[in-house]
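Novice: I'll drop the sequence and a predicted model, then ask my questions.
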Amino acid sequence: MTNTNSVANQQKSVENANKAKNPMEAVPDVCQFTANNGSEYKLYCRTKQDMDAKTLKWAFKLAERNVGPFYKALQMGWQPKIKQNELNKKWARYLVATDKSGQPVAYTMFRFDMDYACSVLYCYEMQIEVDFQRQGIGKFMMQALEQCSKHWHMDKVLLTVLKNNPKGIAFFKAIGYSLDETSPDILENKEYEIYSKCTI
Ligand SMILES: CC(C)(COP(=O)(O)OP(=O)(O)OC[C@H]1O[C@@H](n2cnc3c(N)ncnc32)[C@H](O)[C@@H]1OP(=O)(O)O)[C@@H](O)C(=O)NCCC(=O)NCCS
């Protein structure tokens, strides 16, 4: 697709989105979700600075439980310091789902950025506690990111997934993501792939 939006315009859109205290405010009905089984969840979106330390620790531990084993099976291994560092970046924004008791059960961490001359909402993490998977929470949260990306005039939602995580890949494909043109070529023999969904 020809991108008619100039790079300068896209950079401006990224700047505008990054200035918003809560970029999700523009997304209707994002604050609550009722799963098919009737379970109800509340959602909030916060910058890293506004996240409490306990929830940030939980987020790291959940990533370790969920995807640590995939990293460990690869050459790159599980690098806790790097992951922790990433989750604590100043630019990190979190969308967190909590259950009825107020406990966090799922989160996505994202940012607005430029990527190869495209404005993107980059989804760094999508993690659901194992007992809460397959209720539609992941799909709901990704749809929220997509609406947010659209609202702030980003070209696409972009994300990286490890090749040895077939369930993760199946999830993203099921909700309409496809290999991005910037995903490493098969000959590059990388351990990850990049997926995206257009939001313009
Ligand atoms: C992958 C993950 C984010 C999916 O979230 P979820 O809330 O469990 O997924 P949803 O219930 O929204 O599923 C939506 C659709 O995706 C597909 N899907 C989800 N999980 C799947 C799985 N394990 N295997 C195959 N397809 C799957 C299905 O088509 C599903 O629709 P259905 O349940 O009606 O069949 C979640 O399972 C998770 O946190 N996994 C561990 C961490 C991870 O791999 N994160 C992604 C890479 S960072």
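Specialist: Looks like it came in fine.

Novice: and whichever strand or helix holds A59, how far from the chain's centre?
Specialist: For A59, the element it lies in under DSSP states H and E is helix 53-72. With C-alpha atoms, centre = their mean, to the nearest Å as the basis, helix 53-72 stands 14 Å off its chain's centre.

Novice: buried sites along it?
Specialist: Neighbour-count burial for helix 53-72, counted by 16 or more other C-beta atoms under 10 Å, picks out 55-56, 58-60, 62-64, 66-68, 70-71. C-beta here means a position set from N, CA and C on the backbone, and glycine is covered the same way.

Novice: quick one, what contacts the residue of the chain found nearest the ligand?
Specialist: In the chain, the residue that lies nearest the ligand is G138 (2.4 Å; C-beta to the nearest ligand atom). Shown in contact with G138 (C-beta atoms under 8 Å, 6 or more residues apart in numbering): 106, 126, 128, 171, 175.

Novice: Same question for L74.
Specialist: 162, 164, 191.

Novice: Tell me how far the residue of the chain closest to the ligand lies from P69.
Specialist: With the distance defined as C-beta to C-beta, to the nearest Å, G138 ends up 19 Å from P69.

Novice: what residues does this protein put near the ligand?
Specialist: Neighbours of the ligand within the chain, by C-beta under 6 Å from any ligand atom: 66-67, 125-128, 133-139, 161, 165, 167-168, 170-171, 174-175.

Novice: Output the lowest mean pLDDT helix or strand found in this structure.
Specialist: The weakest-scoring helix or strand in the chain, judged by mean pLDDT, DSSP states H and E, is helix 80-87 (a mean of 93).

Novice: and that helix, C-alpha only, in CSV?
Specialist: Taking Å, rounded to 0.1, in the frame of the first residue of the first chain, the C-alpha atoms of helix 80-87 are listed here in CSV:
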residue,chain,number,x,y,z
PRO,A,80,15.9,-11.0,33.2
LYS,A,81,17.8,-7.7,33.5
ILE,A,82,17.0,-6.8,29.9
LYS,A,83,13.4,-7.7,30.2
GLN,A,84,13.1,-5.8,33.5
ASN,A,85,14.8,-2.8,32.0
GLU,A,86,12.4,-2.8,29.1
LEU,A,87,9.3,-3.0,31.3
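
Novice: got the contact list for it?
Specialist: By C-beta under 8 Å, 6+ apart, the residues outside helix 80-87 that reach it are 48, 56, 59-60, 63-64, 92, 109, 124-125.

Novice: rerun at 7 Å
Specialist: 56, 59-60, 63-64, 109, 124 (C-beta atoms under 7 Å, 6 or more residues apart in numbering).

Novice: Give me the neighbour count for V7.
Specialist: 12 (other C-beta atoms under 10 Å).

Novice: ah, wrong one, I meant I194
Specialist: I194 has 17 neighbouring residues, counting by other C-beta under 10 Å.
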